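A.B. asks: Below is the sequence, then the predicted model.
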Amino acid sequence: MTRRGRQIRVSILLKLLGVFFVVIAAFACFWGYWALPRFQADKMRDAEDKTRNAVELACGALDFVQEMEQAGLMTADQAQAYALQAIGSMAWDTGTGDGTFWVQDTRPVLLMDSRNPGLVGTNVSGVLDEAGDPIYQEFVSIARSEG
């Protein structure tokens, strides 16, 4: 390489550093545009699968309690208390934290919540999420519209 009539020598170290930075830049582009989004999508899919499995397990427990009530092995009040206790003890790892269940009725009164036991038995219609929306009331609306 020449500069103003003089020859400039580029050392091997500078050439190696140049190749190193090109390889690092290529790897960063690969990671940022291809690998990272796929990794995040896989992580989200795993959390959804874990949550779906937990919900299926909870539904199975509720079906079992309902069958016991229908068979006359427990009263309706006993079955409801047993179901609340069984669902309240369930938790699973979502990958971003522990997942838990809560149970509310349509008023909405919180019947069971292992994360907020102080709210159990209270009307939670005024509880707002981070966006300022009445979250428990929205769940009542979804349950009424979608069954």
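C.D. replies: Now that the structure is in, tell me what you want to look at.

A.B. asks: So which residues of the protein form helices?
C.D. replies: Under the criterion DSSP state H, the chain contains helices at 12-30, 36-70, 76-88, 135-146.

A.B. asks: Pull out the buried residues from the longest one.
C.D. replies: Going back to what we said before, that points to helix 36-70. Neighbour counts over helix 36-70 (16 or more other C-beta atoms under 10 Å) mark 47, 54, 58, 61, 65, 69 as buried. Every residue, glycine included, has its C-beta placed from N, CA and C.

A.B. asks: tell me the angle of it relative to helix 12-30?
C.D. replies: If you take axes from the mean of the first three to the mean of the last three C-alpha atoms, to 10 degrees, helix 36-70 sits at 30 degrees to helix 12-30.

A.B. asks: State the distance from the residue nearest the centre of the chain to A54.
C.D. replies: Closest residue to the average C-alpha location of the chain: T94 at 5.0 Å, with C-alpha atoms, centre = their mean. To A54, T94 is 9 Å away according to C-beta to C-beta, to the nearest Å.

A.B. asks: Please apply the same query to I12.
C.D. replies: Remark: distance between I12 and A54 (C-beta to C-beta) = 59 Å.

A.B. asks: Off-centre distance for stretch 99-111?
C.D. replies: When C-alpha coordinates are averaged (C-alpha atoms, centre = their mean, to the nearest Å), stretch 99-111 and its chain have centres 18 Å apart.

A.B. asks: same deal with stretch 84-97?
C.D. replies: Worked out by C-alpha atoms, centre = their mean, stretch 84-97 lies 12 Å from the chain centre.

A.B. asks: what about it, start to end distance?
C.D. replies: By C-alpha to C-alpha, to the nearest Å, the extent of stretch 84-97 from end to end equals 22 Å.

A.B. asks: ok, now stretch 113-130?
C.D. replies: End-to-end for stretch 113-130, by C-alpha to C-alpha: 19 Å.

A.B. asks: In that stretch, which residues are buried?
C.D. replies: For stretch 113-130, burial by neighbour count (16+ other C-beta under 10 Å) applies to 113, 119-120, 124, 127.
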